[in-house]
Structures are given as structure tokens and as C-alpha cells.
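> Below are the sequence and a predicted model; questions follow.
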Amino acid sequence: MSIPINPIQPLKHTPNFTDSELGEFKEQDRFLPIANVARIMKNSLPDNVKISKDSKESVQECVSEFISFITSEAQERSLLEKRKTINGEDLIHSMSALGFENYTQLLRIYLAKFRHHQASLASKAQDAGETEQPEFDWDE
């Protein structure tokens with residue numbers, strides 16, 4: 001059962017979920033995978049530092065909430081502009097609106113590099129008749 005959810009407009013009718021359907025929506029499904037969070041934490045710290053399970057879980061919950069917070073604000077902007085899809089500009093705008101303007105200049109640079117790189121890859125792939133694109137190298 002697919003129900004479009006718009007946080008700005010209330011539902012016209014309340015969906016009836018069975019207990020088994022509700023069980024499918026676990027608390028853990030809201031979070032980024034713990035292995036990914038742990039890897040990012042580990043790569044950000046010296047090699048001799050150990051990270052407790054509680055620390056990983058706390059950071060996992062915080063970053064997941066942060067992503068939801070930023071995404072929700074970006075979605076509001078896209079809906080106000082009558083768009084169904086959020087984009088990088090929406091995310092950057094939401095970060096600025098929510099007080100994270102210190103990051104916006106760097107994010108705009110990364111977004112511009114990413115878009116330029118994607119356009120370059122698409123052009124090369126079109127010339128070569130390829131469809132698969134390699135990953136973006138943020139260090140370029």
C-alpha cells in the first residue's frame with residue numbers, strides 16, 4: 001500500500017494499517033546503517049582511538065535526525081515551488097535557513113563540481129555509447 005505523504009497538508013483519510021504492516025516500520029529503519037556511521041567515525045579519528053557501541057548508536061541517531069531535519073526543510077521549499085523532487089540547492093538553502101550557513105559555501109562548490117563532473121561523464125558516455133558512470137571523486 002503506497003500512501004503519498006505531504007507533511008504540510010493533512011491526510012484526507014486516515015490509513016488503516018494492520019499490526020503486521022505496522023511491525024514493518026521498525027525504529028531502526030529510520031537510521032543510517034550503523035556500519036556506515038562507524039566507518040565515518042573511525043576515519044575521522046586517529047587509529048589508536050576506540051569507539052564504544054553507545055557512541056556509535058548515539059551518533060547514528062543524531063546524524064539520522066539531522067538528515068531528516070534538513071530534508072524536511074528542503075521538502076517544504078520544493079513544495080512551495082510546486083516541485084515534487086528536492087535537489088541539492090534545496091538542501092543547501094535549508095541548511096542556511098536552519099543556521100548552518102557556515103557549510104553552504106563549501107557545499108555549493110561541491111555541488112557545482114559534482115554537476116560539472118556528471119555532465120562531463122554523460123557527455124563522454126554518450127560519445128562512447130556507454131550507460132554506466134564511475135563514481136565521483138570529491139578530491140578532484
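Noted; the coordinates are in hand. All of these numbers come straight from a predicted model, not from anything done at the bench. Numbering: from 1, shown residues only.
> what about the helices in the protein?
Per DSSP state H, the chain carries helices over the ranges 19-23, 34-44, 53-80, 88-97, 104-128.
> Now render those as TSV, adding mean pLDDT.
Listed next are the helices of the chain as TSV, based on pLDDT from 0 to 100:
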stretch	mean pLDDT
helix 19-23	61
helix 34-44	95
helix 53-80	95
helix 88-97	96
helix 104-128	92
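> Single out the most deeply packed of those helices.
helix 88-97 (a mean of 18; mean count of other CB atoms under 10 Å). Using the backbone N, CA and C atoms, a C-beta is placed for each residue, glycine as well.
> Now tell me what touches that helix from outside.
70-71, 73-78, 101, 103-104, 107-108, 111, 114-115 (CB atoms under 8 Å, 6 or more residues apart in numbering).
> angle of it against helix 104-128?
170 degrees (axes from the mean of the first three to the mean of the last three CA atoms, to 10 degrees).
> In contact with the residue positioned nearest the centre of the chain, which residues?
With distances taken as CA atoms, centre = their mean, I67 lies nearest the centre of the chain, 5.8 Å away. I67 makes contacts with L32, as judged by CB under 8 Å, 6+ apart.
> Not counting sequence-adjacent ones, nearest residue to I51?
M41 (5.5 Å; CB to CB, 6 or more residues apart in numbering).
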